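J.: Predicted model and sequence follow; I will ask about them next.
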Protein chains: 2
Amino acid sequence: MVSQIAKLPKPPYYVVCFSSQRTAGDHGYGAMADTMVALAEQQPGYLGMESVRGPDGFGITNSYWVDEASILAWKAVVSHAAAQRLGRERWYEDYRVIVAKVERAYDIKRED
Amino acid sequence: MVSQIAKLPKPPYYVVCFSSQRTAGDHGYGAMADTMVALAEQQPGYLGMESVRGPDGFGITNSYWVDEASILAWKAVVSHAAAQRLGRERWYEDYRVIVAKVERAYDIKRED
């Protein structure tokens, strides 16, 4: 199985944690989400992304970035694509975004 | 609907992002996960937790803490409960933990 856990450099780097509760129905959400991922991957300073949503519509997306400047540039691109404004009205019941500086990391990988 | 998005103070505070790929089968995982949440909630400095796992076994848990000392104390409790050691062998194909200092936060809540 290919791991969905992003391969990251040693800290320091930054993480953006996006927690959200979806509204019912798609309303173009799937297409928007695909576009947002594609745009992120094209951004300078993008390191990786992990995303999961449960059947009740609650989801977490953690994206990883070289520095804050990369995050601000990405935020401008997202705003330009109008995803934030539309998201507020159509796609999410509630959401929170935090920007945090990663100071330490630990990982394991099974060897079998 | 009661939001699963944790209510948090204004930054700065800390986030621990735990990304993991489950192995097949339960192997006592459900009971362990419940215990880990209960232990976290009893810890000084605990602010909240958000967790979601998809049908393919990939999951993200973000927990929020007042400071690094709280996280280290929580880590010691988890180690004492042997969850990390057993988890490595039984429950997770792969995982990564990062500790990050939250510098900025944004949120919205629908008013309707």
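T.: Nice, I can see it. Numbering: from 1, shown residues only, chains lettered A, B, ... in the order given.
J.: least trustworthy helix or strand in chain A by mean pLDDT?
T.: helix A:83-86 (a mean of 59; mean pLDDT, DSSP states H and E).
J.: Give the buried residues for stretch A:51-69.
T.: A:51-54, A:57-66 (16 or more other C-beta atoms under 10 Å in any protein chain shown). Bear in mind the C-beta positions are built from the backbone N, C-alpha and C, glycine included.
J.: of these, list those near chain B.
T.: Taking C-beta under 8 Å from any C-beta of the partner chain as the test, chain B is in contact with A:S51, A:V52, A:R53, A:G54, A:F58, A:G59, A:I60, A:N62 out of these.
J.: can you count the residues close to A:S20?
T.: 23 (other C-beta atoms under 10 Å in any protein chain shown).
J.: Check which helix or strand it maps to.
T.: strand A:13-22 (DSSP states H and E).
J.: about what we covered before: in strands, which of the buried residues of stretch A:51-69 appear?
T.: A:S51, A:V52, A:R53, A:F58, A:G59, A:I60, A:T61, A:N62, A:S63, A:Y64, A:W65 (DSSP state E).
J.: Farthest pair within the residues you listed?
T.: In terms of C-beta to C-beta, those reach their longest pairwise distance at A:F58 and A:W65, which sit 23.6 Å apart.
J.: that older thread, out of the ones in strands among the buried residues of stretch A:51-69, the closest to B:V16 would be?
T.: A:N62 (11.4 Å).
J.: in chain A, which spans are helices?
T.: Secondary structure of chain A (DSSP state H): helices at A:29-42, A:68-80, A:83-86.
J.: one step back: can you convert the ones next to chain B among the buried residues of stretch A:51-69 into CSV and add a column each for pLDDT?
T.: Output for those, formatted as CSV (pLDDT from 0 to 100):
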residue, pLDDT
A:S51, 95
A:V52, 96
A:R53, 94
A:G54, 92
A:F58, 95
A:G59, 96
A:I60, 97
A:N62, 97
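J.: if we can go back for a sec, which of the helices of chain A comes out lowest on mean pLDDT?
T.: Mean pLDDT values for these show the minimum at helix A:83-86, a mean of 59.
J.: For B:Y64, see how far away A:K10 is.
T.: 24 Å (C-beta to C-beta, to the nearest Å).
J.: ok, the closest residue to A:Y64 other than its chain neighbours to A:S3 distance?
T.: Nearest residue to A:Y64, sequence neighbours excluded (C-beta to C-beta, 6 or more residues apart in numbering or on different chains): A:L47, at 3.9 Å. Distance, A:L47 to A:S3, by C-beta to C-beta: 15 Å.
J.: likewise A:D67?
T.: A:D67 is 25 Å from A:S3, by C-beta to C-beta.
J.: again, but for A:V52
T.: For A:V52, the distance to A:S3 - C-beta to C-beta - is 13 Å.
J.: again, but for A:E41
T.: Taking C-beta to C-beta, one finds A:E41 at 17 Å from A:S3.
J.: Pick out whichever of the two has more residues nearby.
T.: Each of A:E41 and A:S3 has its neighbours counted (other C-beta under 10 Å); A:S3 has more, 16 against 10.
J.: Return the residues in contact with that one.
T.: A:S3 is in contact with B:Q21, B:E93, B:D94, counting by C-beta atoms under 8 Å, 6 or more residues apart in numbering or on different chains.
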